[in-house]
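Q: sequence first, predicted model second:
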Amino acid sequence: MSILKDAIISQLGADVTFVEGYQHPARTVFCIVPQEKFVDAGKAMKKAYALLAAEWATDETTFGRGYGIFACYRWGHEYLIVKTETTADDPVFPSLTKQFLPAWRFERQIQSLMGVTPLNHPDTRPWIKFEDWPEDAWPLRKSFDASKPLPRVEGEYKWIKAEGEGVYEIPVGPVHAGIIEPGHFRFQAVGEDVLNLEERLGYVHKGIEKRFESLSWDEGYRLAGRVSGDTTVAHSLGYCIALESMAGCNLPERAHWLRALFLERERIANHLGDIGAICNDAAFAFMLYQMMRLKEMLLRTNHALFGHRFIMDRVVPGGVAVDIDTAGREVILAELDRLSKDFERLVVIYEENPSLEDRVRNTGMLKPKRAREICAVGIVARASGLNLDCRIFNPFPPYDQYDRLELGVPVMITGDVHARTWVRIQEVRESIRIIKWILDNMPDGVISAPLEMPPPDKAGFAAVEGWRGEIIYWLQSGPGGEVNRCMVRDPSSVNWLGLERAIHGNIVPDFPLCNKSFNQSYSGHDL
Amino acid sequence: MIRILRQIFRTGIVTEPLPDEVTREIEAVGLKLEAAVRERFRRSITIRQVDAGSCNGCELEIHAINNPIYNCEKYGIHFTASPRFADLLLVTGPVTRNMEIALRRTYVSTPSPKFVVAVGDCACTGGIFGETYASLGGVDKVVPVDARIPGCPPTPLELMQGLTHLLDGAENKK
């Protein structure tokens, strides 16, 4: 019984073909529709209240086929992937942008990097591909030689313009004032009020998706761990789960539990840093230094117990690379007690500070309706009334033991800076509880299983709740069993759209605060 | 307010008194660093950090040397918002094609004498991203590099040590 499957059957009838055994895990429904029905499938999904999770293209010329276009929809615990095909001579597909807003950038990206044109797309400007790239450079195509440098050509990016008396423009970046990643923001403003914000990203495009294709399956997890350095655990995890389900690898129970432990530690460390940084951008530096101190404590324990401050490269295909013993367990429990005591004191200070409250409340509001429109995920979604969390909806052990774990997912509806901070605060508390529970109940046993390489022409799917939100990996093996495509969808790919909307009606000086409360990844978006 | 004060006094100064190995090492490195900064840069050195394509891992550790435990400001190391005030550029990441021009401009905007330090494996050699259509490889492919601090990412301690080594040998550039 699948609501999305029923919805698509009732709309398309015999036009939709469900494919069994191609994509793993089997609970993610996979179907193929003819090109002219691709939009109808999208409409059916919209009617069923599904959200668009990702859209991407594959080059399947090595199979003797053309290009494949994929749209991944999510509703509650269901994921459904719709594929349509297009010929190699005239690669086009109908655009979903009118149905789902995030398709706007997904499709520009497909056009820019794969050279497959979305028909009826309202915006034909390239995305990630800069104006100085040769127009016919489509790096994700198989015929593209990625080892050669690209020549620079003349070109111009057409910015959105605003005109009128007193309207002026503020360009910011790519090199920002703080110690952060590069990106360009362009504001149109009147006085202090922001009329419009346009983002332009792509500065840290390192060709990651193409790079995956030149690596073997068992090397890829290291690259996945460097898609976004602050989310290294969750990204390696996404890659590994997709690979393991393709290869049919059954993990020992303990490996799953250790992965959950790493994931929660990563969540706490990043949330602490963010809570501090948000307060700092509201000129409350005290909180930044207190939170950084707590974060440092956590990172040091990580280093002592797992050999890396961010637990990088410790989630490996087939399991994990490092175990924890009784002494390690005691260290973490003692650390969490200290952390929790200090953290609660700081939360009271946060709550009681009126000047802080004045800055964070009603600032940078992303209304629930807008959050739905952009199909937001993760903390941004949960701060704007969307109850989404892969730990509940697409769980791996121990998260699937709902009745024992009783995982709490905080949801706020105001969608302002405070809501995004408060969701983080509650998640820190919850993660502390989960870690203690994991340590108390973790099963014994080995921590990895042998992994066979996946068979040719198969696909693997994974959705993992990183600290920013849902991360999706979709892997496809080629005719010889090699990596044909590795699609990465960081939460930032959709949530950046939220920042553009949240800033409307705010003043320019509040932008850093709004931006920090989203804290999206540039590297994870640009790939 | 009373809670804030109480928390401040309860926390105390976390930078110095921890009697463990790490802190002693930071202290040793820090003092050396301070001496070098005093001598060569008239008591303070100003750093502009440039992310030329990093995954954000190195940035987290550069943040960490500003935290109260490492507290690099104590040794006269200060991060600035503009390259025009900077003595040193701390560059992370393989240089991406899309960041190449911005990095060159930042380099030109920094007044001489200036240092460029490549931070992290990617900035040193291109790392796992290699040299492709999108990644040009190490920072030295684009601007001259004076020192390298490898690591993925380098720990805060390695960062502080790397800066000391650079400033120790900085005489000839004065």
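A: That came through, no problem.
Q: what is the neighbour count of the closest residue in space to residue A:305 that isn't next to it in sequence?
A: Distance criterion Cβ to Cβ, 6 or more residues apart in numbering or on different chains; nearest residue to residue A:305, sequence neighbours excluded, is residue A:328 at 4.7 Å. Just so you know, the C-beta spots here come from the backbone N, C-alpha and C atoms, and that holds for glycine as well. With neighbours defined by other Cβ atoms under 10 Å in any protein chain shown, the count for residue A:328 comes to 16.
Q: what's the spacing between residue A:328 and residue A:318?
A: 22 Å (Cβ to Cβ, to the nearest Å).
Q: residue A:324 now?
A: Following Cβ to Cβ, the distance that separates residue A:324 from residue A:318 is 18 Å.
Q: which non-adjacent residue is nearest residue 117?
A: Picking chain A for this. Take residue A:117 and drop its neighbours on the chain: the residue closest to it by Cβ to Cβ, 6+ apart is residue A:92, 4.8 Å away.
Q: you answered for a different chain; I wanted chain B.
A: Closest residue to residue B:117 in three dimensions, ignoring its sequence neighbours and counting by Cβ to Cβ, 6+ apart: residue B:147, at 4.8 Å.
Q: right, and the one you found touches residue B:164 too?
A: No - distance between residue B:147 and residue B:164: 10.3 Å, which falls outside the contact criterion (Cβ atoms under 8 Å).
Q: who's more crowded, those two?
A: When residue B:147 and residue B:164 are compared on other Cβ under 10 Å, the one with more neighbours turns out to be residue B:164, at 21 against 17.
Q: can you point out the buried residues in whatever helix or strand the more buried one lives in?
A: Assessed by DSSP states H and E, residue B:164 sits inside helix B:156-168. For helix B:156-168, the neighbour count (16 or more other Cβ atoms under 10 Å in any protein chain shown) marks B:156, B:157, B:158, B:159, B:160, B:161, B:162, B:163, B:164, B:165, B:166, B:167 as buried.
Q: now swap in stretch A:118-132 and tell me
A: Using 16+ other Cβ under 10 Å as the burial criterion, the residues of stretch A:118-132 that qualify are A:118, A:121, A:123, A:126, A:127, A:128, A:129, A:130, A:132.
Q: does the fourth one sit in a helix, a strand or a coil?
A: Remark: residue A:126 carries the secondary structure label coil [criterion: DSSP: H, G, I helix; E, B strand; the rest coil].
Q: got the contact list for it?
A: Residue A:126 is in contact with A:108, A:111, A:112, A:133, counting by Cβ atoms under 8 Å, 6 or more residues apart in numbering or on different chains.
Q: leaving out the residues flanking it, which one is nearest to the third one?
A: Distances taken as Cβ to Cβ, 6+ apart put residue A:129 closest to residue A:112, at 3.8 Å, once the chain neighbours are dropped.
Q: so the one you found: helix, strand or coil?
A: Under three-state DSSP, residue A:129 falls in the coil class.
Q: the one 4 residues further on too?
A: Look at residue A:133: counting by three-state DSSP, its state is coil.
Q: so it makes contact with residue A:150?
A: Yes - here residue A:133 reaches residue A:150: they are 5.9 Å apart, a contact under Cβ under 8 Å.
Q: more neighbours: which of the two?
A: residue A:133 (22 against 18).
Q: pLDDT at that one, what is it?
A: Residue A:133 is assigned 92 on the pLDDT scale.
Q: distance of it from residue A:147?
A: Counting by Cβ to Cβ, the gap from residue A:133 to residue A:147 is 16 Å.
Q: now do residue B:6
A: Here the criterion is Cβ to Cβ. By it, residue B:6 lies 60 Å from residue A:147.
Q: which single residue of the stretch 301-450 of chain A ends up nearest chain B?
A: Of the stretch 301-450 of chain A, the residue with the smallest distance to chain B, taken as Cβ to the nearest Cβ, is residue A:349 at 5.1 Å.
Q: next, that residue: secondary structure please.
A: Of the three states, residue A:349 takes helix under three-state DSSP.
Q: count the residues that sit near it.
A: For residue A:349, the number of neighbouring residues by other Cβ under 10 Å comes to 19.
Q: coming back round to it: between the buried residues of stretch A:118-132, which sits nearest chain B?
A: Proximity to chain B was ranked across the buried residues of stretch A:118-132 by Cβ to the nearest Cβ; first place goes to residue A:130, at 5.5 Å.
Q: in chain A, where is pLDDT below threshold?
A: Judged against pLDDT under 70, the low-scoring parts of chain A cover residues A:1.
Q: 80 - rerun?
A: Low-confidence segments of chain A, defined by pLDDT under 80, are located at A:1, A:173.
Q: also chain B?
A: Residues of chain B that meet the cut-off, pLDDT under 80, sit at B:1, B:13-44, B:74-76, B:163-174.
Q: one more pass at 90, please.
A: For chain B, the stretches with pLDDT under 90 are B:1-45, B:65-78, B:81-83, B:85, B:87, B:112-115, B:130, B:146-147, B:157-174.
Q: ok, now which ones touch residue A:53?
A: Residues in contact with residue A:53, defined by Cβ under 8 Å, 6+ apart, are A:72, A:73, A:74, A:79, A:375, A:377, A:463, A:470, A:472, A:489.
Q: wait, a strand at it?
A: Yes - counting by three-state DSSP, residue A:53 is located in a strand.
Q: can you tell me the helix or strand for residue 10?
A: You didn't pick a chain, so chain A it is. Residue A:10 is located in helix A:3-12, with elements delineated by DSSP H and E.
Q: hm, I was asking about chain B
A: Following DSSP H and E, the helix or strand that holds residue B:10 is helix B:2-11.
Q: and chain A, is that helix touching that?
A: Yes - Helix B:2-11 is in contact with chain A by Cβ under 8 Å from any Cβ of the partner chain, via B:3, B:4, B:7, B:8, B:11.
Q: strands of chain B, start to end?
A: Counting by DSSP state E, one finds strands in chain B at the ranges B:45-51, B:77-79, B:88-92, B:115-119, B:147-149.
Q: pick the most deeply packed of these.
A: Ranked by mean neighbour count under mean count of other Cβ atoms under 10 Å in any protein chain shown, those are led by strand B:88-92, which reaches a mean of 27.
Q: strand partners (parallel or antiparallel) of that strand?
A: strand B:45-51 (parallel), strand B:115-119 (parallel) (DSSP bridges).
Q: just how off-centre is it within its chain?
A: Going by Cα atoms, centre = their mean, to the nearest Å, the spacing between the C-alpha centre of strand B:88-92 and its chain's C-alpha centre is 6 Å.
Q: near chain B, which residues of the stretch 101-250 of chain A? Just list them.
A: Applying the criterion Cβ under 8 Å from any Cβ, the portion of the stretch 101-250 of chain A that neighbours chain B consists of A:130, A:137, A:139, A:144-150, A:174-175, A:177-182, A:202-208, A:210-211, A:222-223, A:226-230, A:232.
Q: now those: which count as buried?
A: A:130, A:137, A:139, A:144, A:146, A:150, A:174-175, A:179-182, A:202-208, A:210-211, A:222-223, A:226-230, A:232.
Q: just the residues you listed: which are in helices?
A: In this view, these that belong to helices under DSSP state H are A:208, A:210, A:211, A:222, A:223, A:232.
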